[in-house]
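> Structure of the sequence below:
(2 chains)
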Amino acid sequence: MFKGTGASPGIAVGKALVYEEQELNISKENIEDINLEQTQFQEAIKKTKLQLQQVKEEAMKKLGADKASIFEAHLMVLEDPELINQINHKIKEEKINAAYATREVVDGFIAIFENMDDEYMKERAADIRDVGTRILKNILGMEIVNLATLEDSVILVAHDLTPSDTATMNKEKVLGFVTNIGGRTSHTAIMARSLEVPAIVGLKNITEVIQNGDLVVFDGEEGVGYINPDEELLKKFKAKQSEYEELRRELQELKNNPSISKDNRRVELAANIGTPKDVEGVLNNGGEGIGLYRTEFLYMNRDNMPTEEEQFEAYKEVLESMGNRPVIIRTLDIGGDKELPYLDLPKEMNPFLGYRAIRICLDQPEIFKVQLRALLRASVYGNLKIMYPMISSVEEVRGANAILEEVKAELDKENIVYSKAIEVGIMIEIPAAAIIGDLLIKEVDFFSIGTNDLIQYTTAVDRMNEKISYLYEPFHPAILRMIKMVIDHAHKAGKWAGMCGEMAGDPNIIPILLGLGLDEFSMSAISILPARKIISELTFEDMKKMAEKAVNLSTAEEVKNFVKASI
Amino acid sequence: MLEKNIAIKNASGIHARPASMLVKEAAKFSADIIIVKNDSEYNAKSIMNVMSMGAKHGDEIKIKVSGSDEKEALEAITTLVEGGFGE
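Numbers count the residues shown, from 1 in each chain, chains lettered A, B, ... in the order given. You can find the predicted model right below:
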């Protein structure tokens, strides 16, 4: 049995594919036949080239030219004459085996790039390592696991999955993920929920425990699984799987229903998305809007800024697909754990307290303006709301709004149309903003509470630090009071408040959020229908009374138990 | 052999995109094309060499070309670098 953090619900049953860098055992051998080694090397280069071209074409078809360009870069490295000449030279001069010569030369190039003082160039070391490993595996006649060309359906077992792994993988063949590291908010977890595949993360050494081809069954909700289960256990999991499918079908019937409590309190259940492709999942899961479109994905995994046109097309696609449902697009939220190599941001001691998000946008309005222009132009295609991240003061909101007005004036001059009904709001994720909510609400149309960061900043807990992750506690009375304060500030001004952090989709917390008066809940698309079901079974007036008491309890544990007992 | 000193004019220097443009251009010629920066030599047909040069805006580099099409090669490379890689 293995147990970790349940990161995406569902039951997975399937063969394991351990996706891990295998240790390549390469030793130095003195050789006689130089020709043989050089031919072996040439053959490996040829084979690698064919493989890379195939991956590139796959990526092109499935993911578009943008994502495929990484393999174009890999091909250039593969065909680098310096690489090829140096390896051939080494084989000949030192009379050593092709594999050893290749590793030595590749390592030399990796070291050069790792030592460059440019973040972008440093990251290129990983590309060179990728290409080098491919060549070596081909010299050694080893199999290369390629996520883009998966043929059989598998449960992916990995240390962690990077955005480039998930971007290139053949998603139709992935039954689930289990990984060594990560928590509920890590990339793997978020990705699993958007793909609607079950996942368990934070399993520490699962890549060592599970072997390729093992039959694995697991429950992504409970975070529990088994390797090579016996007949009985397998039967149990298969039954659980069909039960879960049944529940999903049942929930599907709620797809077109409004989100409404027993006593007719209506709220909006919206989804968080990262790319226009995610909209399909939102609609399939009955989303009433987009509560958070994270635009930074447009800016990531590339080596230059996205143009106004590229951004316009993406925003337009989302707005059009959502029809007249509200779409909250958050302006660039970069910095912190999300870096952009081409912006060349300096390394910081405390990136989460540093130069990021709206702070960059106000400092470099030329970047901000491109995005605002694209947003305004796209606004005529749907129901756009604009949201600024990382707001800590009234001055910042005024600054951002002033730039927005400037851009509007420019568009007016150019006779370019935009919607006059765009609501502008801010994310409340810094305690300072929550505390001055009464002042901030005068400047904007709505608040959206970003709980991932709000909890982190309020409790001074780095959510990625596993040693103290037990302190990252949504039920902390301070968090609940903070949320109550924000909602009350908005309501007093006759405006609305939403939430776009992980908390909004947590079945255990939804009752209290409903009771506190939250108007809009934005979550992973997969959580929407279960949330709708929960809300339909609750009475708003009772939850209101419950929430009033809950914020006066002393500990998170007390709150949890009290909420449980009240529903 | 032909030689020429030129300065990097585009803002981002010989970064990712310019580097790959330069290498692709160099690959069109049979001549050997060497770039000298701070007394180190780099093969202009090698993407890893060109990127690891770390040439920034304002840096001075020397292009050394030798081979049957050296004249055309030098001209093409010079046009590309002095044109700021179309930035």
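> Near chain A, which residues of chain B are found?
Counting by CB under 8 Å from any CB of the partner chain, chain B comes close to chain A at B:12, B:15-17, B:20, B:23, B:43, B:45-49, B:51-52, B:54. Any C-beta I mention is one placed from the backbone N, CA and C, and that applies to glycine too.
> In those residues, which has the lowest confidence score?
Here the lowest pLDDT out of the residues of chain B next to chain A sits on residue B:12, with 77.
> so it touches residue B:57, yeah?
Yes: if you go by CB atoms under 8 Å, residue B:12 and residue B:57 touch, sitting 7.3 Å apart.
> Just the element for the nearest residue to residue B:81 once chain neighbours are set aside, please.
Nearest in space to residue B:81, with sequence neighbours left out and distances taken as CB to CB, 6 or more residues apart in numbering or on different chains, is residue B:6 at 5.3 Å. Here residue B:6, judged by DSSP states H and E, is contained in strand B:2-7.
> Can I get whatever helix or strand comes next after that strand as CSV, trimmed to CA atoms?
Remark: after strand B:2-7, the chain's next helix or strand is helix B:16-26, criterion DSSP H and E. What follows is helix B:16-26, C-alpha atoms only, in CSV (Å, rounded to 0.1, in the frame of the first residue of the first chain):
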residue,chain,number,x,y,z
ALA,B,16,18.3,32.7,-28.3
ARG,B,17,16.6,33.9,-31.5
PRO,B,18,19.5,35.9,-32.9
ALA,B,19,21.8,33.0,-32.1
SER,B,20,19.8,30.5,-34.1
MET,B,21,19.4,33.1,-37.0
LEU,B,22,23.2,33.5,-37.0
VAL,B,23,23.9,29.8,-37.0
LYS,B,24,21.3,29.1,-39.8
GLU,B,25,22.8,31.9,-41.9
ALA,B,26,26.4,30.6,-41.4
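> elements contacting helix B:16-26?
On a contact count with 3 or more CB pairs under 8 Å, 6 or more residues apart in numbering or on different chains; DSSP states H and E, helix B:16-26 meets helix A:65-78, helix B:47-52, helix B:70-82.
> Can you list the neighbours in contact with that helix?
The contact list for helix B:16-26 (CB atoms under 8 Å, 6 or more residues apart in numbering or on different chains) reads A:73, A:76, A:120, A:124, A:303-304, B:10, B:12, B:14, B:33, B:44-47, B:50-51, B:73, B:76-77, B:80-81, B:85-87.
> let's see it at 6 Å
Applying CB atoms under 6 Å, 6 or more residues apart in numbering or on different chains, the set of residues contacting helix B:16-26 from outside is A:303, B:33, B:44, B:45, B:47, B:50, B:51, B:76, B:80, B:85.
> do the same with stretch A:426-437
Stretch A:426-437 has contacts (CB under 6 Å, 6+ apart) with A:387-389, A:391-392, A:444, A:447-450, A:453-454, A:457-458, A:482, A:485-486, A:489.
> got the end-to-end distance for that stretch?
End-to-end distance for stretch A:426-437: 10 Å, by CA to CA, to the nearest Å.
> got the buried residues for it?
For stretch A:426-437, burial by neighbour count (16 or more other CB atoms under 10 Å in any protein chain shown) applies to A:426, A:427, A:428, A:429, A:430, A:433, A:434, A:437.
> One more: stretch A:415-423?
For stretch A:415-423, by 16+ other CB under 10 Å, it's A:418, A:422, A:423.
> Stretch A:319-337 too?
A:319, A:321-322, A:325-336.
> for stretch B:34-44, same thing?
For stretch B:34-44, burial by neighbour count (16+ other CB under 10 Å) applies to B:34, B:35, B:36, B:37, B:42, B:43, B:44.
> what kind of secondary structure is the closest residue to the first one other than its chain neighbours in?
When you say that, I think you mean residue B:34. With CB to CB, 6+ apart as the criterion, residue B:34 has its nearest non-adjacent residue at 4.4 Å, and that residue is residue B:64. Classification of residue B:64 using DSSP: H, G, I helix; E, B strand; the rest coil returns strand.
> Run through the bridge partners of residue B:64.
residue B:3, residue B:34 (DSSP bridges).
> The residue of chain A found nearest chain B sits in which helix or strand?
Relative to chain B, the nearest point of chain A is residue A:82 (3.7 Å; CB to the nearest CB). Element membership of residue A:82 [criterion: DSSP H and E] is helix A:81-94.
> Centre of the chain to that helix, how far?
Computed by CA atoms, centre = their mean, to the nearest Å, the chain-centroid distance of helix A:81-94 equals 42 Å.
> How many neighbouring residues does residue A:76 have?
Per other CB atoms under 10 Å in any protein chain shown, the neighbour tally for residue A:76 reads 20.
> residue ranges with poor pLDDT in chain A?
Applying pLDDT under 70 to chain A picks out residues A:21-23, A:62-64, A:66-67, A:162-164, A:167-168, A:336-338.
> Within range of chain B, give me the residues from it.
Counting by CB under 6 Å from any CB of the partner chain, the residues of chain A close to chain B are A:76, A:80, A:81, A:82, A:109, A:112, A:116, A:303.
> the more surrounded of residue B:12 and residue B:57?
A direct count of neighbours by other CB under 10 Å for residue B:12 and residue B:57 places residue B:12 higher, at 19 against 14.
> just to revisit the earlier point, any chance of the contacts of helix B:16-26 in a markdown table, plus distance to residue A:560?
Formatted as a markdown table, the contacts of helix B:16-26 follow (distance: CB to CB, whole Å):
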| residue | distance to residue A:560 |
| --- | --- |
| A:303 | 46 |
| B:33 | 69 |
| B:44 | 65 |
| B:45 | 64 |
| B:47 | 56 |
| B:50 | 59 |
| B:51 | 53 |
| B:76 | 70 |
| B:80 | 64 |
| B:85 | 59 |
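> how about the helices in the stretch 451-567 of chain A?
All helices of the stretch 451-567 of chain A, identified by DSSP state H, counting those that start in this stretch, fall at A:451-459, A:477-492, A:510-516, A:528-536, A:540-550, A:556-566.
> wouldn't residue A:362 be in contact with residue A:401 here?
No: in this structure, residue A:362 is not within contact of residue A:401 by CB atoms under 6 Å, at 11.0 Å.
> Do a quick rundown of the strands in the stretch 101-250 of chain A.
With DSSP state E, counting those that start in this stretch, the ranges of strands along the stretch 101-250 of chain A come out as A:154-158, A:174-179, A:199-201, A:215-219, A:224-227.
> closest to residue A:277 out of those strands?
Nearest to residue A:277 among the strands of the stretch 101-250 of chain A is strand A:174-179; the distance by CB to CB comes to 15.6 Å.
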